[in-house]
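J.: Whatever this is, show me its structure:
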Amino acid sequence: MHETDPSPTAERVRAALRSVIDPEAGMNIVDLGLVYGIEADAGGVRVALTMTSPTCPMGDLILDEARQAVAAVLPADCALAVDLVWEPPWGPERMSETARAHFGWGD
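T.: Numbering: from 1, shown residues only. Alright, predicted model coming up:
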């Protein structure tokens with residue numbers, strides 16, 4: 001039986017990012033809507049993340065944990081860039097239904 005393909009995929013990266021918890025919100029950054037984009041191909045992976053506000057005190061911690069989580073599922077020679085972006089501004093509408101329900105913002 002062949003080993004699973006180690007090539008980076010957006011799905012694999014997104015799954016890894018679900019392990020990164022925003023300590024203030026107590027929820028993963030994917031469900032919080034902080035992951036704005038994932039580009040993955042044989043050349044490497046680029047992740048665009050935002051924070052709930054530019055003054056987020058946990059920003060550096062979240063970025064470091066995101067880098068570590070993604071790097072752990074990539075081949076050793078795979079390039080990785082995690083970019084902090086501010087456009088468009090984050091808003092609660094970016095959250096998953098699960099996250100909105102968790103915070104009592106569901107319909």
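J.: so where's this structure shaky on pLDDT?
T.: 1-6, 106-107 (pLDDT under 70).
J.: try 50 this time
T.: For the chain, residues meeting the criterion pLDDT under 50 lie at 1-3.
J.: how about the helices in this structure?
T.: Taking DSSP state H, the helices of the chain run over residues 10-17, 59-71, 97-102.
J.: Pull out the buried residues from the first one.
T.: Read that as helix 10-17. Across helix 10-17, burial judged by 16 or more other Cβ atoms under 10 Å covers Arg12, Val13, Ala16, Leu17. In short, each C-beta sits where N, CA and C put it, glycine included.
J.: burial count for the closest residue to Glu93 other than its chain neighbours?
T.: In space, and not counting its chain neighbours, Glu93 is closest to Gly33: 7.8 Å by Cβ to Cβ, 6 or more residues apart in numbering. By other Cβ atoms under 10 Å, 18 other residues sit near Gly33.
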